[in-house]
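> Compute the structure for the input listed below.
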Amino acid sequence: MRHYEGRAGWELLTRTRQELDLLEEEKVTAFFEKEKPDVVILSAAKVGGIRAAYTQAVEFLLENMQIQNNVLRAAARVGVEKLLFLGSTCVYPKNAEIPIKESSLLAGPMETTNEAYSIGKIAGIRLCQAYRQQFGHDFIVAMPANLYGPHDNFDPEHSHALPSMMRKFHEAGKAGRAGVTLWGTGTPRREFLYVDDLASACAFLLENYSSGEIINVGVGQDISIREAAEQLREVVKYAGEIEWDTTQPDGNPRRILDLSRIHGLGWKAQMPFRQGLEMTYRWFLENRA
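So this is what the prediction gives:
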């Protein structure tokens, strides 16, 4: 972004992956030297659900670390005023105390199904903190809960839980199939954050937060995957059965964040979960179905 003088003065500088591949260091450097943004939000990453993270560990490690290194190095080189790096609640230890505090980072073993993704993200977090400590750059790190909403990846094999289930229910309904099979037991609990709430939090943190300490962003409520699937089935109006393939991994048993830090600054999420699902499905029908 340019012209960092409050939100009304922001000029967004965006590029598609076809226009600027963040894996290519020379092109990233050239972009930063030409545009000289005042503020950077680094949300780009290779992401996916349990299947993708578990079966593409090499790509998750290499590509995410390349993206982070290229962008952070270029941002530091041109002297951006502020940079916000988006981490992930996936990086917290598998058995972290609930609700998860920011101090839990690296306090125990990670969930093995997404370990490669977690290690890559932790490297980015530590690099932001190192730039702040060593060179004084105002790089901050936010840790968002599980995201969902319009413009998500709805690939049933490689996306996250909510968009994957939404796509499966939608296609099963169109095909008249009697049931849909989902991974695991459905018992893990997750905290789902609507994408517009994250955007609001990013803007808020850029204006109100400057610290080397990471900060959680979430809604303060969690729901089981089974309960989320039932709500999705109702939203999609799918009448078939849900079958759970318990031979497949569940992932982390529970993730819900301690939001004391960001609530203390004055920010809270606004979107009710059911309403967010309905808005997401409406967008899916208009743009992906």
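
> so where do the strands sit in the stretch 101-250 of the chain?
139-144, 146-148, 179-183, 189-190, 192-194, 215-217, 223-224, 241-245 (DSSP state E, counting those that start in this stretch).

> any chance of these in a markdown table, with mean pLDDT, distance to T113 and mean neighbour count too?
All C-beta atoms are positioned from the backbone trio N, CA, C, and that covers glycine. Below are these laid out as a markdown table (pLDDT from 0 to 100; distance: least, Cβ to Cβ, whole Å; neighbours: other Cβ atoms under 10 Å):
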| stretch | mean pLDDT | distance to T113 | mean neighbour count |
| --- | --- | --- | --- |
| strand 139-144 | 98 | 19 | 24 |
| strand 146-148 | 94 | 14 | 21 |
| strand 179-183 | 94 | 10 | 16 |
| strand 189-190 | 95 | 14 | 20 |
| strand 192-194 | 98 | 19 | 23 |
| strand 215-217 | 98 | 22 | 24 |
| strand 223-224 | 97 | 18 | 16 |
| strand 241-245 | 97 | 15 | 14 |
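
> As TSV, those with distance to L257 would be great.
Below are those laid out as TSV (distance: least, Cβ to Cβ, whole Å):
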stretch	distance to L257
strand 139-144	7
strand 146-148	10
strand 179-183	23
strand 189-190	11
strand 192-194	9
strand 215-217	4
strand 223-224	14
strand 241-245	26
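
> Quick check: which of these is nearest to Y54?
Closest of the strands of the stretch 101-250 of the chain to Y54 is strand 179-183, at 10.6 Å (criterion: Cβ to Cβ).

> before we move on, the earlier item: of the strands of the stretch 101-250 of the chain, which approaches K101 most closely?
strand 215-217 (7.9 Å).

> Adjacent strands (with direction) for the closest one?
strand 139-144 (parallel) (DSSP bridges).

> Keeping just the C-alphas, turn the strand it pairs with into CSV.
Extracted as CSV, the C-alpha positions of strand 139-144 are listed here (Å, rounded to 0.1, in the frame of the first residue of the first chain):
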residue,chain,number,x,y,z
PHE,A,139,7.3,-5.7,11.3
ILE,A,140,4.4,-7.2,13.2
VAL,A,141,2.8,-10.7,13.2
ALA,A,142,-0.9,-11.6,13.5
MET,A,143,-2.1,-15.2,14.1
PRO,A,144,-5.6,-15.6,12.6
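
> How far off centre is stretch 257-270?
17 Å (Cα atoms, centre = their mean, to the nearest Å).

> Which strand or helix spans Q68?
helix 57-78 (DSSP states H and E).

> Touching that helix from outside, list them.
Identification of contacts with helix 57-78 by Cβ atoms under 8 Å, 6 or more residues apart in numbering yields 22-25, 28-29, 31-33, 36-37, 40, 42, 44-46, 48, 52-53, 83, 85, 115-117, 119-121, 123-124, 127-128, 131, 135, 137, 139.

> low-scoring stretches of this protein, by residue?
Residues of the chain meeting the criterion pLDDT under 70: 2-8.

> Do a quick rundown of the helices in the stretch 151-289 of the chain.
With helices called from DSSP state H, counting those that start in this stretch, the stretch 151-289 of the chain shows them at 161-175, 195-208, 225-236, 260-265, 273-287.

> Could you say which of those helices is packed most deeply?
helix 161-175 (a mean of 21; mean count of other Cβ atoms under 10 Å).

> What helices and strands are in contact with that helix?
Helix 161-175 sits against strand 146-148, strand 179-183, helix 225-236, helix 273-287, with contacts defined as 3 or more Cβ pairs under 8 Å, 6 or more residues apart in numbering; DSSP states H and E.

> now do 10 Å
Under the contact criterion of 3 or more Cβ pairs under 10 Å, 6 or more residues apart in numbering; DSSP states H and E, helix 161-175 touches helix 50-55, strand 146-148, strand 179-183, helix 225-236, strand 241-245, helix 273-287.

> Among those, which comes closest to I256?
Per Cβ to Cβ, nearest to I256 of those: strand 146-148, 10.2 Å.

> hmm, who's touching that closest one?
By Cβ atoms under 10 Å, 6 or more residues apart in numbering, the surrounding residues in contact with strand 146-148 are 43, 47, 86, 88-90, 159-163, 166, 190-195, 197-198, 217-219, 222, 228, 255, 271, 273, 276-277, 279-280.
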